[in-house]
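J.: Sequence and computational prediction follow.
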Amino acid sequence: MSSAAAETSEKSAEAFRTISEVSQELDVPQHVLRFWESRFTQVRPIKRAGGRRYYRPEDVDLLRGIRALLYTDGMTIRGAQKVLRDKGPRYVSEIGRGEASLHGKRQPKEKFHRQLRAVDFSEEPLPEKTPEPEKKLQIVSDAPRAPTGSTLDEAPTQSPSGEARARLETLLTDLLQLKTRLSEACAA
């Protein structure tokens with residue numbers, strides 16, 4: 001066990017933590033913590049002489065919640081900022097402590113991917129109108145192209161023929177069915 005980890009385990013729950021201790025605890029590099037501090041105004045560690053940062057327990061909970069929003073839920077910085085703005089830092093701290101979650105039941109990405117691999121997508125037969133793979137390639141090769149040396153804005157716009165339109169609508173239907181199945185798998 002490293003000296004910083006040993007010190008962390010010896011400290012009381014109310015003790016202030018250094019940036020290296022918080023970095024180890026959250027498994028996030030120190031520069032990321034400093035970056036988050038610049039993006040999330042709610043994170044305000046106490047700075048001592050020389051710029052050394054000390055994080056209060058509530059700061060650590062907030063950072064843990066931000067980490068969960070970014071890494072577990074896959075949100076962007078802006079998305080996490082919006083959650084902080086809309087629901088407040090207390091709510092994000094609760095996420096960090098595991099008392100709340102953004103979308104109901106929280107699960108790590110690895111568990112989601114295991115569940116997704118276990119989903120049987122062959123339950124419903126595909127529509128009979130599904131074109132063969134060679135025909136799909138033919139659709140792509142028949143697509144109108146921009147003349148050489150021109151931009152796409154200058155390319156003539158053509159509606160697909162009746163047969164090509166029917167194939168595209170079938171493909172769209174298939175994609176929408178797959179999207180529904182994927183959504184159901186995510187919700188499970």
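T.: Great, that's in hand.
J.: From now on I want contacts and neighbour counts done on CA atoms only, so please keep to that.
T.: Noted.
J.: Look up how far Leu84 lies from Arg53.
T.: 22 Å (Cα to Cα, to the nearest Å).
J.: Show me which of the two is the more surrounded one.
T.: Leu84 (21 against 18; other Cα atoms under 10 Å).
J.: how about the nearest residue to the more buried one, chain neighbours excluded?
T.: Leaving aside its sequence neighbours, Leu84 sits nearest to Val92 (Cα to Cα, 6 or more residues apart in numbering; 6.6 Å).
J.: hang on, that neighbour packs against Leu62?
T.: Yes - assessed by Cα atoms under 8 Å, Val92 is found in contact with Leu62 at 6.0 Å.
J.: what about those two, which has more around it?
T.: Val92 (27 against 24).
J.: Show the average pLDDT along the helix or strand containing Lys82.
T.: Following DSSP states H and E, one finds Lys82 within helix 77-87. If you average the pLDDT over helix 77-87, you get 90.
J.: Okay, domains of the protein per the record?
T.: 3-106, 116-187 (automatic domain parsing).
J.: where among those is the average confidence lowest?
T.: domain 116-187 (a mean of 64).
J.: in the protein, which spans are strands?
T.: Assigned strands in the chain, in chain order: 17-18, 46-47, 53-55 (criterion: DSSP state E).
J.: The last one: partners in the sheet, and parallel or antiparallel?
T.: In this case it means strand 53-55. If you go by DSSP bridges, strand 53-55 pairs up with strand 17-18 (antiparallel), strand 46-47 (antiparallel).
J.: Mind listing residues that contact it?
T.: Strand 53-55 is contacted by residues Phe16, Arg17, Thr18, Ile19, Val22, Arg44, Pro45, Ile46, Lys47, Arg48 when judged by Cα atoms under 8 Å, 6 or more residues apart in numbering.
J.: before we move on, what about the second one?
T.: The set of residues that contact strand 46-47 without belonging to it, under Cα under 8 Å, 6+ apart, is Arg53, Tyr54, Tyr55, Arg56.
J.: Let me have these in a markdown table, extended by distance to Ala187.
T.: Compiled in a markdown table, those are given as follows (distance: Cα to Cα, whole Å):
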| residue | distance to Ala187 |
| --- | --- |
| Arg53 | 40 |
| Tyr54 | 39 |
| Tyr55 | 36 |
| Arg56 | 36 |
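J.: if we take those residues, which one ends up nearest to Gly162?
T.: Within these, proximity to Gly162 (Cα to Cα) peaks at Tyr55, which comes in at 65.1 Å.
J.: and that closest one, bridged to which residues?
T.: Beta-bridge partners, per DSSP bridges, of Tyr55: Arg17.
J.: quick one on the thing from earlier: now do the contacts for the residue nearest to Leu84.
T.: Leu62, Gly65, Ile66, Val83, Leu84.
J.: how about the helices in the protein?
T.: Per DSSP state H, the chain carries helices over the ranges 3-10, 19-26, 30-39, 57-67, 77-87, 89-97, 109-118, 133-142, 162-187.
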